[in-house]
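*Asks:* sharing a sequence plus its predicted fold:
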Amino acid sequence: MIVGAQSHGVSISKTAEGLFERTPLLSAVTKIKRLQFTQEHKDWTVEHWKKVMWSDESRFQLHHADGRVRIWWKQHESMHPTCMSKTLQAGGGSVMVWGMFSWHNLGPLIRVEQRLNSTTYLSIIADQVHPIMLMAYPNGDGFFQQDNAPCHGARIVQEWFQEHEGDFTLLRWPPHSPDLNPIEHLWDEVKRAIRQLVPQPSNLTELDSAIHQAWCQIPCITFPHLVELMPRRITAVLKAKGGPTKY
C-alpha cells in the first residue's frame, strides 16, 4: 500500500515499510510536452541514443548526502520520536557539481561555486562541452542534452548554441523529466559511494574530493548500460501518458 502526500510541487509517497520517496508533480502542460518528446523519439534505437551527450547539475549536502529522507517504522511506531525526521539547522553546507557522460565515456565533473548562472554555464559549454563534442562526433552528428534550468535558456547561452549549430545539435528536452535522463543514475551512484565512506566527509573540501573520486570510479560498463535503457524509458513515459515513471 502506498500513501501519498503533496508538498511544494513534490509528491511524497510512503510505502508499507515506511520508506518515503519523492516524485515531481507534473502539470497537464508538462505531461503533454513529455508525451510529445517521447512520441517524437519512440522510434529511436540505441544507435541513435549513442549519439547523445547527457549533462546535469547536482548538489551534495555535507550532512544529508542523498537528498531523500528515509524513515523506517513499524505500524505502532509511526509517531514515536525516534521515527520522526529532524532537520539539521546549519545544514553543513553543500557542493554543487556539473557533469556529463555518453555511451562511450565519462565527461569532466566541474565544481560550481554558489549557484550556476548563465555566465558560468556558458564558460562550461565553450570550454568543456564544445571540444568534447567535436572530438566525440567529428561529423557534427552528435546531440547535446541539457534540461530546462533558467541558466540553460539564457540569451547568451542560446546565442552561443545558434552560432555553433553546425558542430552538434541541441536536443530539445521536455520539462521536469529527470526520469528520462540517465545521468540521474550516475548521481545516485556517487551518493551511494559517499554514504558508504567511513569516516564521512567532515568539511566541504573533503566532500568535494569524495564526489570527484566516486565519479571517476564509476565502472565504464555503466555508461552503455544506461544508454541501452533509453528505449525503455521512452516507452514508460508513453505508457504513463506523459506522467511520472519508475525511472
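*Replies:* Sure thing, it's come through. Numbering: from 1, shown residues only.
*Asks:* which parts of the protein are helices?
*Replies:* Under the criterion DSSP state H, the chain carries helices at the ranges 28-40, 46-49, 118-124, 130-136, 155-163, 183-195, 204-216, 222-228, 230-239.
*Asks:* by mean pLDDT, which helix or strand of this structure comes out lowest?
*Replies:* Least confident helix or strand of the chain, by mean pLDDT, DSSP states H and E, is strand 3-7 with a mean of 34.
*Asks:* not counting sequence-adjacent ones, nearest residue to the residue nearest the centre of the chain?
*Replies:* Nearest to the geometric centre of the chain sits Glu184, at 3.5 Å (Cα atoms, centre = their mean). In space, and not counting its chain neighbours, Glu184 is closest to Pro178: 5.0 Å by Cβ to Cβ, 6 or more residues apart in numbering. For the C-beta atoms, the positions are set from N, CA and C on the backbone; glycine is no exception.
*Asks:* low-confidence ranges, this protein, go.
*Replies:* 1-24, 64-91 (pLDDT under 70).
*Asks:* max-length strand in it?
*Replies:* Across the chain, the longest stretch assigned as strand under DSSP state E is strand 52-61.
*Asks:* tilt between that one and helix 183-195?
*Replies:* 40 degrees (axes from the mean of the first three to the mean of the last three Cα atoms, to 10 degrees).
*Asks:* and strand 52-61 with helix 204-216, angle?
*Replies:* Using the same axes, to 10 degrees: strand 52-61 against helix 204-216 is 150 degrees.
*Asks:* can you give me the angle strand 52-61 makes with helix 230-239?
*Replies:* 80 degrees.
*Asks:* for strand 52-61, buried residues please.
*Replies:* For strand 52-61, the buried set under the neighbour-count rule, 16 or more other Cβ atoms under 10 Å, comprises 52-58, 60-61.
*Asks:* format those residues as TSV; extra columns: distance to Phe144.
*Replies:* Conversion of those to TSV gives the following (distance: Cβ to Cβ, whole Å):
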residue	distance to Phe144
Val52	8
Met53	5
Trp54	9
Ser55	7
Asp56	12
Glu57	15
Ser58	18
Phe60	24
Gln61	28
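*Asks:* residues making contact with stretch 159-179?
*Replies:* When contacts are defined by Cβ atoms under 8 Å, 6 or more residues apart in numbering, stretch 159-179 is touched by residues 24, 26, 30, 33-34, 36-37, 52-53, 122, 125-126, 130, 133-134, 137, 140-148, 180, 184, 233, 236-237, 244-247.
*Asks:* repeat for stretch 238-247
*Replies:* 11, 23-24, 26, 30-35, 38-39, 42, 179-180, 184, 229, 233, 236-237.
*Asks:* let's see that with 7 Å instead.
*Replies:* Outside of stretch 238-247, the residues that reach it under the criterion Cβ atoms under 7 Å, 6 or more residues apart in numbering are 23-24, 26, 31-32, 34-35, 38, 42, 179, 233, 236-237.
*Asks:* repeat for stretch 182-189
*Replies:* Residues outside stretch 182-189 that contact it (Cβ under 7 Å, 6+ apart): 54-56, 58, 99, 101, 178, 218, 226-227, 229-230.
*Asks:* how close does Glu228 sit to Leu109?
*Replies:* Using Cβ to Cβ, to the nearest Å, Glu228 is found at 23 Å from Leu109.
*Asks:* the more surrounded of the two?
*Replies:* Leu109 (19 against 14; other Cβ atoms under 10 Å).
*Asks:* the more buried one and Trp215 touch, don't they?
*Replies:* Yes. If you go by Cβ atoms under 7 Å, Leu109 and Trp215 touch, sitting 4.7 Å apart.
*Asks:* which neighbours do the two share?
*Replies:* With Cβ under 7 Å, 6+ apart as the test, Leu109 and Trp215 both reach Gly99.
*Asks:* how close does Ala154 sit to Glu47?
*Replies:* Relative to Glu47, and taking Cβ to Cβ, Ala154 is found at 33 Å.
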